[in-house]
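*Asks:* Dropping the sequence and predicted coords here.
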Amino acid sequence: MHVSRIIRWNECAEIAWKNGGGTTREFAACPEASGLEDFYWRLSVARVDAPGEFSIFLGVDRVLAVLEGSLEISGLDVEMRLGAGDFPIFFDGADEVRSIPLGGPVLNLNAMARRGIVSIEMSWMRAGDAIEPNGATFFVATEPQSMGECQLGRLDCLEIEKPAIAEGRGVRVSFIGSRAASLQR
């Protein structure tokens, strides 16, 4: 397995959401120095402590997976409850989405990409699952584990360049398209 970099959860700075309603820790973005208005794609984990609106991102596709806790979401075609391990949801960043954490704080994995430039794949992985890179590919560990020579803590992230095998639960995220190049290239 070839890993171009390990991104430690506890080393990611906590920053305010675009709408100021909460905080997020960004794992990666392309271009690397981009802000909230000029990224091609970005990958982050948001903490939801209270009911509120999602930030609006025009022209952006979003994919969200709940990593910890349970979240009620409204504003899409149907209201839904998402818990850790549930299938990720895909939606338009311009949608007026509202969420309510159920029973305590929630951690969400968020992938965002400029529509028509980059697309997103997100899927849950279990121990033994093959992780096939496609574009810029990341694995976010949802439990401590080893990946080859790498020791991962809960919520640590790997950028993966060659096929690998998950050694525990986590989420694979790929950004695919002409502007989805790895940050290391």
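*Replies:* In hand now; what should we look at? Numbering: from 1, shown residues only.
*Asks:* per-domain residue ranges of the protein.
*Replies:* 12-114, 119-176 (automatic domain parsing).
*Asks:* which residues are contacting stretch 34-42?
*Replies:* With C-beta atoms under 8 Å, 6 or more residues apart in numbering as the test, stretch 34-42 has contacts from 18, 26, 28-31, 55, 57, 110-114, 117-118, 120, 136, 175, 177, 179-180. The way it works is simple: take the backbone N, C-alpha and C, and place the C-beta from them, glycine included.
*Asks:* same deal with stretch 84-101?
*Replies:* 48-54, 56-76, 80, 82, 106, 109, 112, 120, 122-124, 142, 169, 171.
*Asks:* and it, C-alpha only, in CSV?
*Replies:* Extracted in CSV, the C-alpha atoms of stretch 84-101 (Å, rounded to 0.1, in the frame of the first residue of the first chain):
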residue,chain,number,x,y,z
ALA,A,84,-23.5,6.2,12.3
GLY,A,85,-23.0,3.6,9.5
ASP,A,86,-26.1,4.6,7.5
PHE,A,87,-25.8,5.0,3.8
PRO,A,88,-24.3,8.4,2.9
ILE,A,89,-26.7,11.0,1.5
PHE,A,90,-26.1,13.0,-1.7
PHE,A,91,-27.6,16.5,-2.1
ASP,A,92,-27.3,19.9,-3.8
GLY,A,93,-25.3,22.4,-1.7
ALA,A,94,-27.9,25.0,-2.6
ASP,A,95,-30.7,23.1,-0.9
GLU,A,96,-32.0,24.6,2.3
VAL,A,97,-31.3,21.7,4.7
ARG,A,98,-31.9,21.8,8.4
SER,A,99,-30.6,19.2,10.9
ILE,A,100,-31.4,18.3,14.5
PRO,A,101,-28.9,16.2,16.5
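*Asks:* Would you mind listing the buried residues in it?
*Replies:* For stretch 84-101, the neighbour count (16 or more other C-beta atoms under 10 Å) marks Ala84, Pro88, Ile89, Phe91, Gly93, Val97, Ser99, Pro101 as buried.
*Asks:* The residue sitting furthest away from the middle of the chain and Ala164, how far apart?
*Replies:* Ranking residues of the chain by C-alpha distance from their mean position (C-alpha atoms, centre = their mean) puts Glu149 at the top, at 23.4 Å. Distance, Glu149 to Ala164, by C-beta to C-beta, to the nearest Å: 11 Å.
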